[in-house]
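Engineer: Generate coordinates for the sequence data below:
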Amino acid sequence: MNLPIIESERIKHRQSKDEFAAFLGVSKRTVSNWQSGKTQMPLSKLLFLSQNWNCSVDYLLGLSKDE
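Structural biologist: Numbering: from 1, shown residues only. Next up, the predicted model:
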């Protein structure tokens, strides 16, 4: 799964890759695996981001342009 919206939101929220991984409670390698498509981001992490960044899961997945 390519995660361009999540990556742009990470940058918008001024989180380094290390800070982002710690924010989600995972390793930097795990985030890298999500970005490369080796593994999928769990729904629980998408919900966590959606709640903390005040946007929809659809937006984070690129299914909607509305946050």
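Engineer: Spatially, what comes nearest to Lys28 if we skip its sequence neighbours?
Structural biologist: With CB to CB, 6 or more residues apart in numbering as the criterion, Lys28 has its nearest non-adjacent residue at 4.5 Å, and that residue is Ala21. Quick note: C-beta positions are derived from backbone N, CA and C, even for glycine.
Engineer: What residues sit buried inside whichever strand or helix holds that neighbour?
Structural biologist: Using DSSP states H and E, Ala21 sits in helix 17-24. Buried residues in helix 17-24, counted by 16 or more other CB atoms under 10 Å: 20-21, 24.
Engineer: Turn those into TSV, columns for distance to Ser36.
Structural biologist: What follows is these, written out as TSV (distance: CB to CB, whole Å):
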residue	distance to Ser36
Phe20	15
Ala21	14
Leu24	16
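Engineer: so where is the chain shaky, pLDDT-wise?
Structural biologist: Applying pLDDT under 70 to the chain flags residues 1-2.
Engineer: quick one: the helices in it?
Structural biologist: With helices called from DSSP state H, the chain shows them at 4-12, 17-24, 28-36, 43-52, 57-60.
Engineer: quick one: contacts of the third one?
Structural biologist: The list of residues contacting helix 28-36 from outside it, by CB atoms under 8 Å, 6 or more residues apart in numbering, reads 1-3, 7, 17-18, 20-21, 24, 39-41.
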